[in-house]
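[1] Pasting the sequence and the predicted model now:
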Amino acid sequence: MSEQSAASTSGSGPVPADRDALKELSDLRYALDESAIVAITDQTGKITFVNDKFCRISKYSREELIGEDHRILNSSYHSKEFIRNIWTTIASGKVWRGELRNRAKDGSLYWVDTTIVPFLDDKGKPIQYIAIRYEITERKAAEERIRQQASLLDKAQDAIVVCDLKFHVLYWNKGAERMYGWPLSEALGKNLGSLILQDNPDRVHEIRDALEHANEWTTEYIHTKRDGSRITVQARWTLVRDERGKPDYFLAINTDISERRRAEEHLLRAQRMESIGTLAGGIAHDLNNILSPILMAVEMLELKNRDEDIGKWLDVIRKCSERGANLIKQVLTFARGMEGKRITVQPKYLVKDIIKVIAETLPKSIAVDYKISPDTGAISADPTQIQQVLMNLFVNARDAMPDGGTLSVAVSNATIDETAARGNPEAEIGDYVVISVSDTGHGMSPHVVSRIFDPFFTTKEVGKGTGLGLSTTLSIVKSHGGFVNVYSEPGRGSRFSVYFPLDEVADGKETAESAERSPIGNGELILIVDDEEHIRETAAAALESFGYKAITASNGVEGLASFAENMESVSVVLTDISMPKMDGPSMIKTLKKLSPGIPIIAMSGLMSAEQKAAIESQGVRLNIIKPFTAQNLLTTMAQALKSK
Ligand code: FAD
């Protein structure tokens with residue numbers, strides 16, 4: 001009721017009831033006229049009344065409107081279905097509420113929030129309709145703007161999140177859904193700390209403290225996704241204040257920088273490797289020059305020496321120098337990279353063969369489990385080097401499980417697509433054969449994982465690891481055009497996956513498969529003579545795994561005795577060159593007298609030209625350089641048997 005009409009009512013004494021009612025009605029109409037757009041129609045929809053506001057907004061005169069249908073305002077925005085729903089609602093005597101977009105006489109468009117009330121006769125049939133509308137054009141425009149902005153925010157790759165001051169999520173764009181895996185419906189209202197900062201939910205306090213001092217704050221942190229995986233995120237936080245300057249809400253724009261960080265780490269590692277490689281390569285070269293004369297001098301002294309005591313000391317010098325030379329060989333491999341021969345290799349057979357050997361030498365507390373996909377393709381590789389890679393990985397897996405566990409090996413084809421390639425800068429798009437070696441051991445921290453391929457980096461006790469195994473592994477894999485992926489978690493084990501490019505040409509060729517299978521024995525007895533126990537044992541285990549029988553001796557004297565005892569049955573003698581009591585060449589000389597045709601394979605850590613000449617002069621054509629692989633040994637053994 002207006003103030004004016006209230007004043008005119010006061011002080012005029014009692015008035016008749018119908019005058020009161022009329023006055024009340026006129027006040028109501030006045031109030032309605034001021035605020036609402038009103039129209040009345042008959043039951044067919046023909047307009048019988050419009051108020052001033054209706055005329056103003058529609059830009060039609062009252063005369064133009066009376067007798068017309070509301071169709072005159074129709075902007076063709078709403079569907080037939082929508083209009084039909086208005087009519088069926090009101091025709092059944094019910095009130096219809098909704099938003100309509102209308103067109104004014106001059107063509108301009110406006111939105112009205114509309115209520116249509118049917119007035120019914122005694123039988124409940126509508127006799128007229130009253131439409132009361134409020135203009136909402138501005139609100140609709142604001143909503144549309146917000147919708148457009150929201151769709152723009154949804155297009156952003158970044159996660160855009162708005163939280164109240166207690167970090168409850170108020171807004172969560174599509175980017176956030178994609179980045180964290182939580183759909184909007186589940187994220188809304190949740191505490192951001194428990195949603196994406198599971199490692200440290202209290203970090204929200206840190207964010208709040210930082211934003212109290214500065215309205216904007218950029219930070220880098222590890223966030224957790226819905227599936228539990230972690231991503232490195234650069235978060236740009238803003239504290240948004242209301243018009244009075246009071247903190248209102250937090251806005252975060254988060255970018256997933258995991259890939260960028262991985263690529264940077266990779267680059268840093270590559271640079272570190274390159275400089276260490278250059279340095280180590282130079283040192284190794286110098287050391288080789290120092291060690292070679294020591295080795296040669298020791299040999300000369302050994303030849304001249306008749307004193308047993310001095311002989312022992314010379315032996316120590318020679319062995320240590322040989323160890324040093326071996327180490328240098330590895331350093332040079334790492335520094336210069338691997339060249340080696342390339343033939344078609346079927347990893348499914350190679351891995352199976354090597355598992356047989358490793359299973360023999362592992363402690364009983366370690367179970368070996370393998371899954372080799374029969375359709376695994378071929379690769380172009382140096383089989384000896386691939387065996388070295390596998391041996392390195394197996395030894396590491398074994399050492400990571402001192403209390404036992406499971407060593408699992410899997411071989412299969414793998415395709416690296418664009419997404420997968422982005423995860424590892426060394427990986428190129430294409431088809432690969434992947435060999436994965438997993439253990440259930442102590443695992444590694446992310447810091448250790450970031451260093452494991454650095455030469456000389458080792459977590460093993462002094463004397464137990466050179467720190468060259470994995471750097472050599474990486475060097476070999478890279479020289480084959482492949483790459484290595486590592487996954488490890490402290491306390492949960494590690495998985496090393498080595499990827500070698502699939503050799504499309506050779507793939508599927510039967511000949512290639514059979515060519516690569518290790519030649520196996522047929523019960524032949526092999527005499528192994530070596531003073532190093534672990535060499536004797538692994539060589540015997542390897543031979544026995546592949547169809548041979550083996551007997552061992554730890555020096556030349558024992559070797560001769562054993563040969564004399566089993567002369568009829570021994571097929572091949574595999575002997576070390578440098579041994580205490582009686583060395584290889586002396587033993588070979590006597591052996592040849594006992595059995596001139598017996599095939600002999602000489603093995604050595606580092607065979608000098610003189611040694612080679614000495615054994616060759618006794619008819620020994622086959623030799624094998626330590627450390628050798630089972631494949632090496634089996635191939636050389638097959639050659640020895642053929643020469644018989
Ligand atoms: P039409 O083809 O005319 O109608 C679509 C469907 O609606 C038809 O197939 C039919 O099922 C149903 N229908 C149409 N007319 C009738 C009728 N007389 N009786 C029963 N069913 C029918 N329209 C606006 O665009 N803006 C408005 O603000 C607006 N306000 C209205 C207020 C009142 C009080 C009333 C009664 C109607 C109002 N209308 C309004 C609806 C309007 O009268 C027209 O029906 C509509 O604009 C016609 O749209 P059309 O030509 O696309 O569809």
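    Yep, it's here.
[2] Can you list the low-confidence ranges for the stretch 401-550 of the chain?
    Counting by pLDDT under 70, the stretch 401-550 of the chain shows low-confidence ranges at 419, 422-423, 455-457, 459-468, 505-518, 534.
[3] Mind doing that once more with 80?
    Where the stretch 401-550 of the chain drops to pLDDT under 80, the residues are 418-426, 450-451, 454-469, 471, 504-519, 532-535, 537-539, 541-542, 545.
[4] how about the strands in it?
    Here the stretch 401-550 of the chain has its strands, by DSSP state E, counting those that start in this stretch, at 405-416, 430-439, 483-489, 493-501, 525-529, 549-553.
[5] Restrict the first one to CA atoms and write it as CSV.
    Put plainly, it is strand 405-416. Taking Å, rounded to 0.1, in the frame of the first residue of the first chain, the C-alpha atoms of strand 405-416 are listed here in CSV:
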residue,chain,number,x,y,z
GLY,A,405,60.7,-62.4,-2.0
THR,A,406,59.7,-62.8,-5.6
LEU,A,407,61.6,-61.9,-8.7
SER,A,408,59.2,-61.5,-11.6
VAL,A,409,60.1,-61.3,-15.3
ALA,A,410,57.7,-60.3,-18.0
VAL,A,411,58.3,-60.1,-21.7
SER,A,412,55.8,-58.7,-24.2
ASN,A,413,55.3,-56.3,-27.1
ALA,A,414,54.4,-52.7,-26.3
THR,A,415,53.4,-49.7,-28.3
ILE,A,416,54.5,-46.3,-27.2
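[6] Tell me where the model's unsure across the stretch 251-400 of the chain.
    Looking at the stretch 251-400 of the chain by pLDDT under 80, you get 265-293, 295-297, 299-300, 303, 323, 326-342, 356-361, 384.
[7] all helices for it, in order.
    For the stretch 251-400 of the chain, applying DSSP state H, counting those that start in this stretch gives helices covering 258-304, 308-336, 347-361, 383-399.
[8] Show me what the shortest one is packed against.
    Identification of packing neighbours for helix 347-361 by 3 or more CB pairs under 8 Å, 6 or more residues apart in numbering; DSSP states H and E yields strand 366-372, helix 383-399, strand 405-416, strand 430-439, helix 510-516, helix 533-545, helix 630-642. Glycine gets a C-beta too; all of them are placed from N, C-alpha and C.
[9] export the ones you listed to a markdown table and tack on distance to Leu591 and mean neighbour count?
    Formatted as a markdown table, the helices and strands packed on helix 347-361 follow (distance: least, CB to CB, whole Å; neighbours: other CB atoms under 10 Å):
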| stretch | distance to Leu591 | mean neighbour count |
| --- | --- | --- |
| strand 366-372 | 37 | 15 |
| helix 383-399 | 28 | 22 |
| strand 405-416 | 39 | 18 |
| strand 430-439 | 40 | 22 |
| helix 510-516 | 33 | 13 |
| helix 533-545 | 18 | 19 |
| helix 630-642 | 14 | 20 |
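[10] Give me the domain ranges for the chain.
    For the chain, automatic domain parsing gives the domain ranges 23-141, 156-256, 267-322+518-644, 343-501.
[11] for Ser445, what are its contacts?
    Pro490 (CB atoms under 8 Å, 6 or more residues apart in numbering).
[12] For the ligand, which of the strands of the stretch 401-550 of the chain is the nearest?
    The closest of those to the ligand is strand 405-416. By CB to the nearest ligand atom, the value is 55.2 Å.
[13] now the strands of the stretch 401-550 of the chain in TSV, with distance to Gly175?
    Below are the strands of the stretch 401-550 of the chain laid out as TSV (distance: least, CB to CB, whole Å):
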stretch	distance to Gly175
strand 405-416	26
strand 430-439	30
strand 483-489	27
strand 493-501	30
strand 525-529	65
strand 549-553	64
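[14] could I get the helices of the stretch 251-400 of the chain as JSON lines with distance to Ala410?
    Output for these, formatted as JSON lines (distance: least, CB to CB, whole Å):
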{"stretch": "helix 258-304", "distance to Ala410": "23"}
{"stretch": "helix 308-336", "distance to Ala410": "26"}
{"stretch": "helix 347-361", "distance to Ala410": "9"}
{"stretch": "helix 383-399", "distance to Ala410": "12"}
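[15] What values do phi and psi take at Ala427?
    Dihedral pair for Ala427: phi -80, psi 140, per degrees, to the nearest 10.
[16] What is the neighbour count of it?
    Neighbours of Ala427 under the rule other CB atoms under 10 Å: 17.
[17] Pull up the gap between it and Glu259, please.
    Counting by CB to CB, to the nearest Å, the gap from Ala427 to Glu259 is 12 Å.
[18] quick one, which of the helices and strands packed on helix 347-361 is nearest to Val298?
    Shortest distance between Val298 and these, using CB to CB, is found for helix 533-545: 20.1 Å.
[19] Let's see the closest one as CSV, backbone CA atoms only.
    Extracted in CSV, the C-alpha atoms of helix 533-545 (Å, rounded to 0.1, in the frame of the first residue of the first chain):
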residue,chain,number,x,y,z
GLU,A,533,84.5,-70.6,-6.6
HIS,A,534,81.7,-68.5,-8.0
ILE,A,535,82.9,-68.8,-11.5
ARG,A,536,83.1,-72.6,-11.2
GLU,A,537,79.6,-72.7,-9.7
THR,A,538,77.8,-70.4,-12.1
ALA,A,539,79.5,-72.1,-15.1
ALA,A,540,78.5,-75.5,-13.8
ALA,A,541,75.0,-74.4,-13.1
ALA,A,542,74.6,-72.8,-16.6
LEU,A,543,75.9,-76.0,-18.3
GLU,A,544,73.8,-78.3,-16.2
SER,A,545,70.7,-76.2,-17.0
